[in-house]
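> after the sequence you'll find the predicted model.
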Amino acid sequence: MKILVPIKRVIDYNVKVRVKSDNSNVDLANVKMAINPFCEIAVEEAVRLKEAGIATEVIAVSIGNKSCQEQLRTALALGADRAIQIDTDQNLDALNIAKLLQKIVEEEAPQLVILGKQSIDSDNNQTGQMLAALTGLAQGTFASEVKVEGDKVNVTREVDTGLQTIALNLPAIITSDLRLNEPRYASLPNIMKAKRKPLDVKSAADFGIDLSPRTTLLKVTPPAERQAGIIVESIDELVEKLRNEAKVIS
């Protein structure tokens, strides 16, 4: 079984995000970047399936300029066998990303595609579903457990009412949720080995896809700062402030 794992380069989740002074975008100058956490979970799940003898090859793919090779090398250090960079300087929306990934799926013919359910920068939660629609493959979103059994994969999904388990015919597309697994750390020997693993670069322009943006970013603003709380001396004072200042009770 061949598994394809798309990953995205994002600001490290430990970094406090800054907005440019002109509100045109997020400031990425001298900011630590990392694999999107949900994508890292997807890589871990693919590697575990290989370690269990279910998968034979894990391929990481990322879309972006040369800088995303850093995250691809990290995926290789975590256990992926080879990587593909789709080279472009454009800031692509979810549909264009899904169309590029569709071409990679057609070329590589993986039995399983595992993506993060969403990225922590845009939070769109769209690419996996769009890719499933474009390829016509079965999809299991928000996966908290994945079990491959023969020509099917059972996916336990986190839904509003609890958990739902569905059986998908392979090939299939899965998007990972937070509780699917806990990703490992890349060891120093594996980081060194990753430098020798194959990383192919393909130009996005060569796929013949219209990558014209369908959305326009108008403005980015930081969230409003929260006001400091106050300490009240009694229940009566609390009720008075809720009624007369906050006006949440009458």
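Now that the structure is in, tell me what you want to look at. Keep in mind the model is a prediction, meaning the values are calculated, not measured. Residues are numbered from 1 along each chain as shown.

> which element is residue 131 on?
Element membership for residue 131 (DSSP states H and E) is helix 127-135.

> so which elements touch that helix?
On a contact count with 3 or more Cβ pairs under 8 Å, 6 or more residues apart in numbering; DSSP states H and E, helix 127-135 meets helix 94-108, strand 112-116, strand 138-149, strand 172-176. C-betas here are computed from N, CA, C, even on glycine.

> change it to 10 Å
Here helix 127-135 touches strand 2-7, helix 94-108, strand 112-116, strand 138-149, strand 172-176, going by 3 or more Cβ pairs under 10 Å, 6 or more residues apart in numbering; DSSP states H and E.

> relative to strand 112-116, how tilted is the fourth one?
Counting by axes from the mean of the first three to the mean of the last three Cα atoms, to 10 degrees, strand 138-149 points 110 degrees away from the direction of strand 112-116.

> how far away from the center of its chain is strand 138-149?
The chain centroid and the centroid of strand 138-149 are separated by 16 Å, computed with Cα atoms, centre = their mean, to the nearest Å.

> buried ones in that strand, by neighbour count?
For strand 138-149, burial by neighbour count (16 or more other Cβ atoms under 10 Å) applies to 138-146, 148.

> pLDDT of the following helix or strand past it, averaged?
The element immediately downstream of strand 138-149 (helix or strand, assigned by DSSP H and E) is strand 152-159. The pLDDT scores in strand 152-159 average 96.

> in its sheet, which strands sit next to strand 152-159, and in what direction?
strand 138-149 (antiparallel), strand 162-169 (antiparallel) (DSSP bridges).

> which SSE is residue 14 in?
Per DSSP H and E, there is no helix or strand for residue 14.

> count residues in the vicinity of it, would you?
Neighbour count of residue 14, defined by other Cβ atoms under 10 Å: 7.

> can you tell me how far the nearest residue to it once chain neighbours are set aside is from residue 9?
Leaving aside its sequence neighbours, residue 14 sits nearest to residue 32 (Cβ to Cβ, 6 or more residues apart in numbering; 7.7 Å). For residue 32, the distance to residue 9 (Cβ to Cβ, to the nearest Å) stands at 11 Å.
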